[in-house]
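> how would this look folded up:
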Amino acid sequence: MGEATWVRMLPDLDGTRVIVCSGELDTATAGPLREALKAAELDGVDKTVVDLASVTFADSSLLNTLVQAHRKQRLVAVGPYHPQLSRLFQVTGTDIFFDPMRD
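Next up is the predicted model:
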């Protein structure tokens, strides 16, 4: 049985919101991340950082959530990523959208 899945928003610092995720993010569990990203958009933060280092599994739900948010706000996803998550980004070609070096 996997670890608990959770999403936490840290206090904003210099216009940056950090959202930390852990566990498995899929159709059933990506809702809190969508809500946190929507809150960041509505709050008008300069940049949103999504920490995915503790995400052990993700499917297209996470990918869709990140891509939709990327279209509406300055978004950076950081790791190091679990190998499954790295593969998801690479196979779909979305790794270039979430590369912190492009910021």
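
> Could you measure from residue 83 over to residue 62?
Applying Cβ to Cβ, to the nearest Å, the value for residue 83 to residue 62 is 15 Å. Yep, even glycine has a C-beta here, placed from its N, CA and C like the rest.

> What separation do you get for the residue positioned nearest the centre of the chain and residue 38?
For the chain, residue 50 is the residue whose C-alpha lies nearest the centre (Cα atoms, centre = their mean; 4.1 Å). Going from residue 50 to residue 38 by Cβ to Cβ gives 13 Å.

> Provide the partner residues of the residue nearest to the centre of the chain in its beta bridges.
residue 19, residue 77 (DSSP bridges).

> OK, contacts around it?
19, 21, 33, 37, 66, 75, 76, 77, 78 (Cβ atoms under 8 Å, 6 or more residues apart in numbering).

> Pull the number of nearby residues for the second one.
What it means is residue 21. Residue 21 has 24 neighbours, counted by other Cβ atoms under 10 Å.

> three-state assignment of it?
For residue 21, the secondary-structure state derived from DSSP: H, G, I helix; E, B strand; the rest coil is strand.

> check contacts around it.
If you count contacts by Cβ under 8 Å, 6+ apart, residue 21 has them with 5, 6, 7, 33, 50, 51, 52, 54, 55.

> what do you get for the last one?
Under the criterion of Cβ under 8 Å, 6+ apart, the neighbours of residue 78 are 49, 50, 51, 52, 53, 100.
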